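J.: Build me a structure from this.
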Amino acid sequence: MRKPLNPLGETEMEILNIVWELGEASVSEVREKMLEYRDVAYTTVMTILKNLADKEVLKYREEGRSYIYFAAVKPEEVRLSLIDRLVDKVFKGSPKELVQTLVQSENLSEEERREIKKMIDKLGDT
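T.: You can find the predicted model right below:
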């Protein structure tokens, strides 16, 4: 059984995704990436990076006067932990209900539905 992660907020996930994308990053580098699509204060990014390190999702090393942050967990670990929590809290522990909701979503294209069906059929083959 996986060790559950501490809950992550929306902005924490946003910043974590940026660090995963960059491999490692300073506060300035994360903020610069975020400024491409929204305004965010340097201190906000710094605080959230520190919180993610406190939650042991990120690690860091000192380089001169800067901290360079990098992932302490793989994206899959975080995604699985979040999905587990979602299934428990929103779908009363039923993965079937989650999948049913996803498949019935109006946002899925026919191509995406076919791909999901292929994945499920492939699981039956193993």
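
J.: Which of the three states applies to residue 93?
T.: Following DSSP: H, G, I helix; E, B strand; the rest coil, residue 93 is assigned to coil.

J.: Can you tell me, leaving aside adjacent residues, what's nearest to it?
T.: Nearest non-adjacent residue to residue 93, counting by Cβ to Cβ, 6 or more residues apart in numbering: residue 87, 6.2 Å away. Every residue, glycine included, has its C-beta placed from N, CA and C.

J.: Give me the secondary structure label for the one you found.
T.: helix.

J.: elements contacting the helix or strand encompassing residue 20?
T.: Using DSSP states H and E, residue 20 sits in helix 10-22. Applying 3 or more Cβ pairs under 8 Å, 6 or more residues apart in numbering; DSSP states H and E, one finds that helix 10-22 contacts helix 27-34, helix 42-54, strand 66-71, helix 75-90.

J.: buried ones in it?
T.: Neighbour-count burial for helix 10-22, with 16 or more other Cβ atoms under 10 Å as criterion, is recorded at 12, 14-16, 18-20.
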